[in-house]
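Visitor: Sequence first, predicted coordinates after that:
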Amino acid sequence: MADEVYLKPPEVKRLRRARKRERIAMVSTHGYVAAEPPLGLPDTGGQVVYVLELAKKLAQLGYEVDIWTRRFEDQPESEKVDDHVRIIRMPCGGKEFIPKEYLYKKLPEWTENALRYIQKKRYKYEFINSHYWDAGLAGQHMSEELNVPHIHTPHSIGTWKQRLMREDSPDDDEQLEKTYNFSRRIHHESTLYRECDIVVATSPIQLDMFKADYSLPADKVQMIPPGYDDNRFFPVSEATRYSIRDSLQYDPNIKVVSSIGRLARNKGFDLLVDAFAVVAEHMDNVVLRLAVGTENEQTMEDPMLKEMIDKIKALGIQERVILSGSLEDPDMPDFYRAADVFCLPSRYEPFGMTAIEAMACGTPTVVTTNGGLFRTLTYGVDALYADSFDAGDFGYTILKTLRHPAIHNRLAYSGAHKVRSLFTWTGIAQQLLKTVEGRRVPRLEITEAG
């Protein structure tokens with residue numbers, strides 16, 4: 001009837017309020033953080049992928065996610081990543097790129113800019129999740145000012161990296177300190193880990209080191225491994241795999257050993273070249289495919305490329321090594337699928353995202369015992385592992401997968417099954433949310449007098 005008045009029941013109002021998305025701040029200050037990140041550029045690798053993918057899954061679980069990073073060069077202030085996910089960039093320290101080892105000096109300026117922006121927009125965050133120690137310092141300051149929980153994911157641990165690099169270069173301690181700024185880093189890490197609400201370990205090794213090196217109590221650390229995108233990385237049929245190899249111009253009679261990553265000393269590509277020389281001595285029909293990202297001509301990493309090329313020539317295997325720059329992100333799944341063996345030869349690796357992605361694609365994988373991944377794997381079932389300080393050990397381990405079809409097939413099947421059961425991004429996002437829900441800090445309630 002025309003004169004009837006329809007009142008909305010209170011239940012409808014409550015449902016509408018419930019549909020409003022809570023907001024999460026993720027902080028990752030160094031490198032080129034972008035919706036389509038230029039992987040392989042300085043300080044731009046697995047951590048950027050981790051942050052982007054985790055943010056997307058948190059958004060799918062019902063949150064609004066802001067990824068806070070540094071604005072430099074000619075980057076825009078904000079950028080949409082996906083539905084309910086965006087990047088917000090705050091300037092500090094000028095327009096030039098600043099290496100992650102020294103960015104912390106400029107972060108007080110960055111944090112003040114971020115806090116002003118948050119106040120202006122009246123954003124309210126449920127929690128802050130920071131990534132790496134530089135962002136951790138900024139995230140802790142934000143957490144204290146905004147009175148919200150701070151969950152810190154270090155990705156890399158200063159004491160561990162320092163030990164391994166000293167073992168690899170025992171007479172170069174002064175240069176290591178100059179390059180990586182270990183003393184300041186470890187000092188700030190120690191303070192940060194004590195002050196934040198929860199520290200996230202991405203592997204069992206990290207869990208042990210947080211307790212042993214930083215004296216953190218067990219209830220301060222939560223183990224949450226990295227994840228991978230199971231919509232992109234998955235096995236394909238042999239017919240599809242042969243088609244992929246053909247499109248990459250791989251000889252069908254040749255076995256392919258592959259690896260990918262930034263050309264940095266800790267990634268161990270020089271040791272992989274030495275290991276492949278061992279493989280080449282015992283097999284004629286095998287090539288090494290390396291996709292390595294380097295910095296520009298003015299930076300210190302480019303000489304490493306010349307060193308590696310000189311090593312390849314000195315070993316006489318230049319006709320059996322395919323060397324290129326880093327790949328575009330859409331090309332990564334087929335790069336893994338086309339290989340007969342994928343290798344992660346890192347001297348130091350907090351976890352090893354590329355190995356997870358390769359295993360997810362059904363590619364037998366050899367990882368390093370100096371990374372965080374191998375302790376979650378069963379040797380000979382999910383993957384093989386070897387000492388990346390021992391080229392002979394690594395080379396003969398690669399040979400096992402190339403020479404024995406039964407080992408190859410078992411690793412291909414079981415490896416893919418293992419990562420699907422443990423490392424999807426949806427599961428990782430849910431674990432993070434459960435961690436936060438159990439650690440909420442009380443908010444200060446201010447009421448009017450009288």
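Guide: Structure's in. What do you need?
Visitor: if I look at the residue nearest to A391 when sequence neighbours are not counted, how far off is K311?
Guide: In space, and not counting its chain neighbours, A391 is closest to D274: 3.6 Å by CB to CB, 6 or more residues apart in numbering. C-beta coordinates here come from the backbone N, C-alpha and C atoms, glycine included. Distance, D274 to K311, by CB to CB, to the nearest Å: 8 Å.
Visitor: got it, and K105?
Guide: 36 Å.
Visitor: neighbour count winner among those two?
Guide: Neighbour totals were compared for K105 and K311, and K311 leads with 16 against 13 (other CB atoms under 10 Å).
Visitor: thought the more buried one was touching L272?
Guide: No - in this structure, K311 is not within contact of L272 by CB atoms under 8 Å, at 10.5 Å.
Visitor: Could you name every residue contacting both of the two?
Guide: Common contact partners of K311 and L272 (CB atoms under 8 Å, 6 or more residues apart in numbering): none.
Visitor: what comes up buried for whichever strand or helix holds E145?
Guide: In this assignment (DSSP states H and E), E145 forms part of helix 132-146. Of the residues in helix 132-146, 132-143, 146 count as buried by neighbour count, 16 or more other CB atoms under 10 Å.
Visitor: Then stretch 250-265?
Guide: Using 16+ other CB under 10 Å as the test for burial, stretch 250-265 gives 250, 255-265.
Visitor: Stretch 181-190 now?
Guide: So for stretch 181-190, counting by 16+ other CB under 10 Å, buried means 181-182, 184-186, 188-190.
Visitor: Sketch out the low-pLDDT regions of the stretch 151-300 of the chain for me.
Guide: 294-300 (pLDDT under 70).
Visitor: try it again with 50
Guide: Scanning the stretch 151-300 of the chain with the threshold set as pLDDT under 50 gives 296-300.
Visitor: what's the distance between the residue lying closest to V236 once chain neighbours are set aside and T202?
Guide: In this structure, V236 finds its nearest non-sequential neighbour in R337, 5.8 Å apart by CB to CB, 6+ apart. From R337 across to T202, the span is 25 Å (CB to CB).
Visitor: neighbour-wise, which of these two wins?
Guide: Shown here are R337 and T202; by other CB under 10 Å, T202 has more neighbours (24 against 21).
Visitor: residues touching that one, list them.
Guide: Neighbouring residues of T202 by CB under 8 Å, 6+ apart: 153, 155, 223-226, 350-351, 372.
Visitor: Which members of those residues occur in strands, if any?
Guide: 153, 223 (DSSP state E).
Visitor: wait, which of the contacts of T202 is closest to K306?
Guide: P350 (27.8 Å; CB to CB).
Visitor: do you know how far the closest one is from R184?
Guide: Separation of P350 from R184 (CB to CB): 19 Å.
Visitor: Phi and psi next, for the closest residue to E126 other than its chain neighbours.
Guide: Distances taken as CB to CB, 6+ apart place E22 nearest to E126, at 4.7 Å, with adjacent residues excluded. Phi and psi for E22, reported as degrees, to the nearest 10, are phi -80, psi 160.
Visitor: for R86, same thing?
Guide: According to degrees, to the nearest 10, R86 has phi -150, psi 160.
Visitor: can you tell me which helix or strand the nearest residue in space to it that is not next to it in sequence belongs to?
Guide: The shortest distance from R86 to any residue other than its chain neighbours is 5.1 Å, reached at K80 (CB to CB, 6+ apart). Secondary structure from DSSP H and E places K80 in strand 78-82.
Visitor: quick one, what contacts L164?
Guide: So L164 contacts 266, 347-348, 370 (CB under 8 Å, 6+ apart).
Visitor: Would you verify that it is located in a helix?
Guide: Yes - the assignment for L164 is a helix, going by DSSP: H, G, I helix; E, B strand; the rest coil.
Visitor: And for stretch 114-128, what's in contact with it?
Guide: Outside stretch 114-128, the residues that reach it (CB under 8 Å, 6+ apart) are 22-27, 63, 66, 68, 88, 90, 138-139, 142-143, 145-146, 148-151, 436, 440.
Visitor: which other helices and strands contact the helix ranked longest in the chain?
Guide: Ranked by residue count, the top helix of the chain under DSSP state H comes out as helix 405-422. For helix 405-422, the helices and strands in contact under the criterion 3 or more CB pairs under 8 Å, 6 or more residues apart in numbering; DSSP states H and E are helix 353-360, helix 391-403.
Visitor: Just name the most buried of these.
Guide: Highest mean neighbour count among the helices and strands packed on helix 405-422 (mean count of other CB atoms under 10 Å): helix 353-360, with a mean of 28.
Visitor: quick one, that one and helix 405-422 angle?
Guide: Helix 353-360 runs at 110 degrees relative to helix 405-422, counting by axes from the mean of the first three to the mean of the last three CA atoms, to 10 degrees.
Visitor: contacting residues around helix 353-360?
Guide: So helix 353-360 is contacted by 46, 49-50, 226-228, 230, 233-235, 259-261, 332-333, 336, 339, 342, 344, 365, 367, 371, 373, 382-383, 415-416, 418-420, 423 (CB under 8 Å, 6+ apart).
Visitor: Check these for burial and list the buried ones.
Guide: Buried subset of those (neighbour count, 16+ other CB under 10 Å): 46, 49-50, 226-228, 233, 235, 259-261, 332-333, 336, 339, 342, 344, 365, 367, 371, 373, 382-383, 415-416, 418-420, 423.
Visitor: So which of those residues are in helices?
Guide: 46, 49-50, 332-333, 336, 415-416, 418-420.
Visitor: from the residues you listed, which has minimum pLDDT?
Guide: Lowest pLDDT among those: G46, with 85.
Visitor: Skipping adjacent residues, who's closest to that residue in space?
Guide: Using CB to CB, 6+ apart, the nearest residue to G46 is M353, at 4.0 Å.
Visitor: same deal with S388?
Guide: Closest to S388 by CB to CB, 6+ apart is T368, at 4.0 Å.
Visitor: per-residue pLDDT, G372?
Guide: Here, the pLDDT recorded for G372 equals 69.
Visitor: and if you look at the one 3 residues further on?
Guide: With respect to pLDDT, R375 scores 80.
Visitor: Would you list the phi and psi of the residue nearest to it when sequence neighbours are not counted?
Guide: For R375, ignoring the flanking residues on the chain, the nearest one in space by CB to CB, 6+ apart is P204 at 4.6 Å. For P204, the backbone dihedrals (degrees, to the nearest 10) come out as phi -60, psi -30.
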